[in-house]
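Asker: Turn this into a structure:
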Amino acid sequence: MGQQEIPEIVMYTDGAARGNPGPGGYGVVLMSGTHRKELSQGFRLTTNNRMELMAAIAGLEALRVVPCRVTIYTDSKYVADSVVKGWLFNWVKTHFKGKKNIDLWKRFLEVYPKHQIRFIWVKGHASIPENERCDELAVAASYQPVLLEDIGYQPDK
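Answerer: As a prediction, the model looks like this:
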């Protein structure tokens with residue numbers, strides 16, 4: 001019996017918040033071979049960084065096969081640098097002391113080890129079609145008539 005081929009996934013993600021904090025949403029475009037899936041969701045009160053991170057989480061949680069080789073294109077330096085530069089793994093060691101979005105980072109860490117993930121930062125609003133599409137999805141999601149509550153959002157005191 002031969003080794004099973006690991007699926008290759010290309011994921012574009014984006015988040016948006018109107019007001020930051022304010023109504024927000026995320027958008028995800030997943031592509032594998034000829035398959036393409038778009039995801040989005042809006043929230044009543046959230047931040048741009050939370051939606052950027054939520055987009056990556058939602059995309060990874062949507063993957064039905066484990067493991068996959070996933071290349072995530074994001075225009076969020078916050079998300080990409082936190083993983084690529086290893087900050088996230090240092091935050092784990094310090095129990096996220098003084099950090100924001102702990103609930104989402106912990107959720108990300110649940111799904112992250114299941115796949116082979118590579119982040120690539122792309123410039124936002126630079127005419128990259130899938131990144132532009134994610135932005136459209138995220139903004140449109142923030143205007144939906146029914147928005148979810150971002151349960152883990154903790155406004156600054």
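Asker: On the pLDDT front, check the residue nearest to Ser32 when sequence neighbours are not counted for me.
Answerer: The shortest distance from Ser32 to any residue other than its chain neighbours is 5.0 Å, reached at Ile9 (C-beta to C-beta, 6 or more residues apart in numbering). To be clear about C-beta, it is placed using only N, CA and C from the backbone, and glycine gets the same treatment. Predicted confidence (pLDDT) for Ile9: 98.
Asker: Likewise for Leu147?
Answerer: On pLDDT, Leu147 comes in at 96.
Asker: quick one: low-confidence parts of the protein?
Answerer: Filtered on pLDDT under 70, the chain yields the residue ranges 1-3, 157.
Asker: How about the secondary structure of the residue nearest to Ser32?
Answerer: Using DSSP: H, G, I helix; E, B strand; the rest coil, the structure places Ile9 in strand.
Asker: Now for it: which residues touch it?
Answerer: Applying C-beta atoms under 8 Å, 6 or more residues apart in numbering, we find Ile9 in contact with 30-32, 63, 68-71.
Asker: would you list these in CSV and tack on secondary structure, neighbour count and distance to Tyr143?
Answerer: Formatted as CSV, the contacts of Ile9 follow (DSSP: H, G, I helix; E, B strand; the rest coil; neighbours: other C-beta atoms under 10 Å; distance: C-beta to C-beta, whole Å):
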residue, secondary structure, neighbour count, distance to Tyr143
Leu30, strand, 22, 22
Met31, strand, 16, 25
Ser32, strand, 17, 29
Leu63, coil, 19, 27
Cys68, coil, 20, 31
Arg69, strand, 15, 34
Val70, strand, 23, 29
Thr71, strand, 16, 29
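Asker: which residues of the chain fall in strands?
Answerer: Per DSSP state E, the chain carries strands over the ranges 8-17, 22-32, 35-46, 69-74, 116-121.
Asker: what angle do the third one and strand 8-17 make?
Answerer: Our comparison of strand 35-46 with strand 8-17, counting by axes from the mean of the first three to the mean of the last three C-alpha atoms, to 10 degrees, yields an angle of 20 degrees.
Asker: about what we covered before: so which of the strands of the chain gets nearest Leu88?
Answerer: strand 116-121 (11.0 Å; C-beta to C-beta).
Asker: List the buried residues for that closest one?
Answerer: Within strand 116-121, the residues scored as buried using 16 or more other C-beta atoms under 10 Å are 117, 119.
Asker: Stretch 11-30 too?
Answerer: Applying a neighbour-count criterion of 16+ other C-beta under 10 Å, the buried positions in stretch 11-30 are 11-17, 21, 23-30.
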